[in-house]
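J.: next comes the sequence, and after it the predicted model I'd like to discuss.
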Amino acid sequence: MEMTSQLKWNPVLVDPTGRRQMKPRTLGKTMVMDKGLGLLAFQDLIQTSQAHVDMIKLGFGTSVLYPQAVLRSKINLAKENGILIYPGGTFLEAAVHQNAVDSFFDMIIELGFNAVEISDGTIHMERRLRNELIARGLDEGLAVITEYGKKGWGSTIELAELIETVLIDSELGASLVTIEARESGKGVGIFDDNGACKDEELQSVLASISGELLLWEAPLKHQQVHLIRTLGADIHLGNISPDEVIALEALRRGLRSDTLISTIRKG
Amino acid sequence: MEMTSQLKWNPVLVDPTGRRQMKPRTLGKTMVMDKGLGLLAFQDLIQTSQAHVDMIKLGFGTSVLYPQAVLRSKINLAKENGILIYPGGTFLEAAVHQNAVDSFFDMIIELGFNAVEISDGTIHMERRLRNELIARGLDEGLAVITEYGKKGWGSTIELAELIETVLIDSELGASLVTIEARESGKGVGIFDDNGACKDEELQSVLASISGELLLWEAPLKHQQVHLIRTLGADIHLGNISPDEVIALEALRRGLRSDTLISTIRKG
Amino acid sequence: MEMTSQLKWNPVLVDPTGRRQMKPRTLGKTMVMDKGLGLLAFQDLIQTSQAHVDMIKLGFGTSVLYPQAVLRSKINLAKENGILIYPGGTFLEAAVHQNAVDSFFDMIIELGFNAVEISDGTIHMERRLRNELIARGLDEGLAVITEYGKKGWGSTIELAELIETVLIDSELGASLVTIEARESGKGVGIFDDNGACKDEELQSVLASISGELLLWEAPLKHQQVHLIRTLGADIHLGNISPDEVIALEALRRGLRSDTLISTIRKG
């Protein structure tokens, strides 16, 4: 790209809230879901959005379905830009189901992933195995992100179970616990069959657990708006489409109608 | 790209209607909504679709959220291809709310934008300020596109107000008045909660105002089909997704089932 | 792309089903719908997904709406990667309606397409003309893919008619018969107004016709899941969005929750 003189941004135009943390940040992390981006599209994502992206999940088992050279380039690009990158938890669940856990870890280490997601959204997993997988990930030098919630239609959050899971997982060394909402964001976890948010359950969760530990999957825009309005712009949000990263960042900063209006009402 | 001998298109295959204007056109303009395209994706859009794109709106406040070099390259590419490019009106509204209007205009002039959108979809704006902003835009040498309509859910068109707004705005020098439908196209303006079109209000608008002044936001395909069938292929349409520009052009030319069928019925 | 040492995939991690055919395959073909991809996006698709893509349809009349150099590059890239590429059937229907069939075939031959789709989703077409068009395509050296079904809202499959059409078309030399579902996958063919699948009609079709002849249009994920669960991972699926090719491949291989769960239940 040609060199250009840089205009000095007026801070108020770029972040009217004045509160957005830069990377590496402890609040307001964004996790992007990549379901098989091409390498040029991935380069676009990094060039345009790296300042706003903290994690990239290569959804479910997609990462082994394209050429390794593409996969390695993605992993390297992400790491060079301070981003955690990991395969979706369903991939590890499939490996567990096939008794291929060692192969799974050998593979992701050799490829250079710097994080792993441990979930039981599809398979049944004993607490003991979950503990072992968390320990294995940490031993391998990976950041460990766990997930709470089943992927089945109509699955709901069991409050006591969620709280217990987050406490144990984080004590064992997990950095974050993802709250499952799938790629569709409907009929699962905190979202009902239409993708609307179950506010009461949400409030109950936050009454017991620090919000900094929680990564909310919120693929649909109205979910992002709702969660940001309800819990603040500083929550961690995940399963964001690569096309929507900049739009989400605008939401966080009050640069889109849905959150500008909140600013006005409060102001 | 390698040079190839050019096949001479059969005009009837490319435009069965025989009526599509070339750029710069006065009828049938298309405005694309860019919510944060990467530079490679933007280059794809220009290479593939520049003949069909008249305006590009960098949605709400997204334009300050990626590197300036990317932004400047987009602006230059658009201008080199005869396209008006401007930030979404919500960004100016946020600047108004923050008392940063001068900074806003300094910035967009320095960056090279060739148009500006003036709206009050989120904030309240007195007619006098709207007049001043239109004059300011024109003074800066920008094309001025205004917008009518509130972004709130359930907002509707007030007929008398819309007509008055269009007449005053255009007399003051606005090139076009955008009819708000947001990025979702549901529950706002001429579209009801399901995104269906309010035909009676639509007809009322056009009984009083020249269609050439109006830019209809119609992000969803069925809205595009409905408006083209009702008002003709020559209306201006906006908030078109970059992925849908070619598909919309096919609709305008009767090269897609939804409008080919109309041609057959009329023929 | 830089050269990298290749990690040897563990087969069980890449395909837990152990049954996926490589290209050229006779079962489980995937047809991608391209509605106007840019050249870089198309290169991304080929680089990332060529192993999983058997056909690319350039939707309806879109192929003549971007520069020929782009179109020729797409066609060449597809052919170099063992992919059938053809314009959507609506484009030929528009040509039939305009008495421009000769021009249509001259054009697609000169451009280098290696297949053609023959449909009557929008226009009325006598059986005799359909036969002539199939013969014309074969004479020109093209693979011929026909389509059954009307595009109009609420159109349904007429079972006897479908069976007769498939039998005659395949006897005349058609490789596949596409079952119409449009780009939206709602209110047409085997899908009802909400895009849900009409299971009884589906079963009736397969009781009479070999599944290998049928290419099911299934643009929405829940349709893909339903068809794969009902008919198996080896069915041909079409109108797949370029963004969803890898995700669909994960579905076919039990690397996504929706089909991993089926594997678990069966296993």
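T.: Great, that's in hand. Residues are numbered from 1 along each chain as shown, chains lettered A, B, ... in the order given.
J.: tell me what A:Val116 is bridged to.
T.: Residues in a beta bridge with A:Val116, per DSSP bridges, are A:Val144.
J.: so it touches A:Ile85, yeah?
T.: No. A:Val116 is not in contact with A:Ile85 according to CB atoms under 8 Å; the separation is 10.3 Å. C-beta here means a position set from N, CA and C on the backbone, and glycine is covered the same way.
J.: show me what from the stretch 151-267 of chain A comes close to chain B.
T.: Counting by CB under 8 Å from any CB of the partner chain, the stretch 151-267 of chain A comes close to chain B at A:221, A:243-247, A:249-250, A:253-257, A:260-261, A:263-264, A:267.
J.: what do you get for the stretch 1-150 of chain A?
T.: By CB under 8 Å from any CB, the residues of the stretch 1-150 of chain A that approach chain B are A:1-4, A:6-7, A:9-10, A:12-14, A:16, A:40-41, A:43-45, A:47-49, A:52.
J.: now those: which count as buried?
T.: The neighbour count (16 or more other CB atoms under 10 Å in any protein chain shown) marks A:10, A:12-13, A:16, A:40-41, A:43-45, A:47-49, A:52 as buried among the residues of the stretch 1-150 of chain A next to chain B.
J.: which members of these additionally contact chain C?
T.: When CB under 8 Å from any CB is applied, the members of those adjacent to chain C are A:Leu40, A:Ala41.
J.: just name the closest of the buried ones among the residues of the stretch 1-150 of chain A next to chain B to C:Leu213, please.
T.: A:Ala41 (34.8 Å; CB to CB).
J.: stretch A:109-121 spans what distance, first to last residue?
T.: One end of stretch A:109-121 sits 23 Å from the other (CA to CA, to the nearest Å).
J.: gap between it and the chain center?
T.: Its chain's C-alpha centre and that of stretch A:109-121 lie 13 Å apart, by CA atoms, centre = their mean, to the nearest Å.
J.: what of stretch A:168-183?
T.: Put simply, stretch A:168-183 sits 10 Å off its chain's centre (CA atoms, centre = their mean).
J.: state the pair within the buried ones among the residues of the stretch 1-150 of chain A next to chain B that is farthest apart.
T.: Using CB to CB, these reach their maximum pairwise distance at A:Val12 and A:Leu40, which is 34.6 Å.
J.: right, is the helix or strand hosting A:Asp106 up against chain C?
T.: Counting by DSSP states H and E, the element that carries A:Asp106 is helix A:101-111. Yes. Taking CB under 8 Å from any CB as the criterion, helix A:101-111 and chain C are in contact, through A:Ser103, A:Phe104, A:Met107, A:Glu110, A:Leu111.
J.: and what of stretch A:241-249?
T.: No. If you take CB under 8 Å from any CB as the test, stretch A:241-249 misses chain C, and the best it gets is 9.1 Å.
J.: follow-up on the earlier one: narrow the residues of the stretch 151-267 of chain A next to chain B to those that are buried.
T.: Counted by 16+ other CB under 10 Å, those give A:221, A:243-247, A:249-250, A:253-257, A:260-261, A:263 as buried.
J.: my guess is A:His97 contacts C:Thr263, does it?
T.: Yes. Using CB under 8 Å, A:His97 makes contact with C:Thr263 at a distance of 7.5 Å.
J.: what residues are shared contacts of the two?
T.: Counting by CB atoms under 8 Å, 6 or more residues apart in numbering or on different chains, the contacts common to A:His97 and C:Thr263 are C:Pro16.
J.: buried set for stretch A:51-61?
T.: In stretch A:51-61, counting by 16+ other CB under 10 Å, buried: A:His52, A:Val53, A:Asp54, A:Met55, A:Ile56, A:Lys57, A:Leu58, A:Gly59, A:Phe60, A:Gly61.
J.: out of everything not next to it in sequence, what's closest to A:Ala95?
T.: Spatially, and ignoring its direct neighbours in sequence, A:Ala95 is nearest to A:Phe104 (3.9 Å; CB to CB, 6 or more residues apart in numbering or on different chains).
J.: correct me, but that neighbour touches A:Glu93?
T.: No. Using CB under 8 Å, A:Phe104 is not in contact with A:Glu93; the gap is 10.0 Å.
J.: which one of the buried residues of stretch A:51-61 is nearest to chain C?
T.: Lowest distance from chain C to the buried residues of stretch A:51-61 (CB to the nearest CB) belongs to A:Gly61, with 2.6 Å.
J.: can you classify the residue nearest to that closest one when sequence neighbours are not counted as helix, strand or coil?
T.: Counting by CB to CB, 6+ apart, A:Gly61 lies nearest to C:Leu255, which is 2.6 Å off, once chain neighbours are set aside. Three-state assignment for C:Leu255 (DSSP: H, G, I helix; E, B strand; the rest coil): coil.
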